[in-house]
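Participant: sequence first, predicted coordinates after that:
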Amino acid sequence: MKNVVRGKARVDGRTKSLVKRLSSCDIAIIDHADLDQLAAESLISCRPRAVVNCSASITGRYPNTGPLSLIRAGVPIIEASGSLVMQEIRDGDSVLITRDAIYRNGNLVSAVIWLDEDTILAKLALAQDRLKLELASFVDNTLVYAKQEQGLILGGYPAPAIRTNIKGRQALVVVRGHHHRQDIQAIRTYIQEVKPVLIGVDGGADALLELGMRPDLIVGDMDSVSDSALQTGAEIVVHAYTDGTAPGAARIERLGLPAVFWPAPGTSEDIALLLAYDQGAEVIVAVGTHSNMLDFLEKGRQGMASTFLVRLKVGSRLVDARGVSRLYHQSLHWSHLAGIFAAALIPLVMVLTASPASRHYFQLLMVHLLLLLQI
């Protein structure tokens, strides 16, 4: 490993804000305990000369794989001693990092530690041993908050009226999660043929635009979606706190855009799924959503009560397309395709000859088949 790096500092306490202005000539200065996989992927896409983390990249609470991904992508990750570094180094400063220290404009700022793959793997092994304890705490928190947030699915927080027509159609809900871009690509043919209502959850709207698709709806607290996405003409639903305050309101007002507000507990992806369900979507295809303990620990949440409740409610209409791009790493052989079609033939015939009430189940089956074949 080359233990000397020079570059221009890009400093931000919010990694997802930093990557918007980070380039390959820069050194990223972040303050991100337990650096998560999604943040790591965002940093890797910018190809910075190094990442300096002023917090522990792996605290040991759970096995977060972000640091390992950075190292394996060839991006050095270096730990500095404390958040004071964030105050002493300003955005745009010239930075030099040696084997054991970081300098700003020639002046010593802090001692540093370069992480290598062996060190990271050792830390991850220790964190894996603690995972059972973390799981027990996570389950307890989920159950406690589920009782408090049950109004989310019992009508306590009614969905706002919207202009977008969803009733009787299929809806695609895109969240900025692991491999979300690849998963959208994998179901592109489904999108082109079925033409579902496209719902972007915050940065998920930008993911749709990057692939040449304009969102019909943008749902979220507006903290990670771009101005250009908000200005595409999509209908905007701002997720607000239960007391009615909405941090995203000021931004929408500054842009002069119309929006409706939905005060509700839970995450923005939860209310996006609920919105599609309450508006009468026949099938809801979700891409990039967070649905397990590690997902939520990476987001800094201690439980997943709202997601647990929402999936209980919408589950009969929900098709989770997360990870579909990784189902197959090579083309299917013709014999495999023949087997799939043969296996699907009998239920297809039964559905097609059944009553009109079975139309919903036929659509679900077809979506699953399209996802399975990656078409």
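Facilitator: That came in fine, so what should we check first? Fair warning: this is a prediction, and the values are worked out from it, not measured in the lab.
Participant: list the contacts of R104.
Facilitator: 9, 88-89, 93-95 (Cβ atoms under 8 Å, 6 or more residues apart in numbering). C-beta: built from backbone N, CA, C; applies to glycine.
Participant: measure it to E88 for me?
Facilitator: 6 Å (Cβ to Cβ, to the nearest Å).
Participant: before we move on, the earlier item: let me have the contacts of R104 in JSON lines, adding pLDDT and distance to D223 as columns.
Facilitator: Listed next are those as JSON lines, based on pLDDT from 0 to 100; distance: Cβ to Cβ, whole Å:
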{"residue": "A9", "pLDDT": "95", "distance to D223": "23"}
{"residue": "E88", "pLDDT": "91", "distance to D223": "27"}
{"residue": "I89", "pLDDT": "93", "distance to D223": "24"}
{"residue": "D93", "pLDDT": "93", "distance to D223": "26"}
{"residue": "S94", "pLDDT": "93", "distance to D223": "30"}
{"residue": "V95", "pLDDT": "94", "distance to D223": "27"}
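Participant: go through these and name the one nearest V109.
Facilitator: E88 (5.2 Å; Cβ to Cβ).
Participant: mind telling me what element the closest residue to that closest one other than its chain neighbours is part of?
Facilitator: Leaving aside its sequence neighbours, E88 sits nearest to V109 (Cβ to Cβ, 6 or more residues apart in numbering; 5.2 Å). Taking DSSP states H and E as the definition, one finds V109 inside strand 107-114.
Participant: strand partners (parallel or antiparallel) of that strand?
Facilitator: For strand 107-114, the pairing partners within the sheet under DSSP bridges are strand 77-80 (antiparallel), strand 101-104 (antiparallel).
Participant: most neighbours per residue, which of those strands?
Facilitator: Mean neighbours per residue, mean count of other Cβ atoms under 10 Å, is largest over those for strand 77-80, with a mean of 22.
Participant: and the contacts of it?
Facilitator: So strand 77-80 is contacted by 35, 50-54, 56-57, 67, 70-71, 97, 102, 109-115 (Cβ under 8 Å, 6+ apart).
Participant: could you pull out the helices for the stretch 101-250 of the chain?
Facilitator: For the stretch 101-250 of the chain, the helices defined by DSSP state H, counting those that start in this stretch cover 117-129, 131-148, 180-186, 188-194, 204-210, 227-230, 249-255.
Participant: out of those, flag the one nearest A39.
Facilitator: helix 180-186 (14.0 Å).
Participant: gap between that closest one and the chain center?
Facilitator: 13 Å (Cα atoms, centre = their mean, to the nearest Å).
Participant: can you list the buried residues in it?
Facilitator: Within helix 180-186, the residues scored as buried using 16 or more other Cβ atoms under 10 Å are 180-181, 183-184, 186.
Participant: before we move on, what about stretch 96-115?
Facilitator: Neighbour-count burial for stretch 96-115 [16+ other Cβ under 10 Å]: 96-97, 102-104, 109-110, 112, 114-115.
Participant: what's the answer for stretch 280-288, then?
Facilitator: Buried residues in stretch 280-288 (16+ other Cβ under 10 Å): 281-288.
Participant: thinking again about what came up before, so which of the buried residues of stretch 96-115 is the closest to S83?
Facilitator: Nearest to S83 among the buried residues of stretch 96-115, with distances taken as Cβ to Cβ, is S110, at 10.5 Å.
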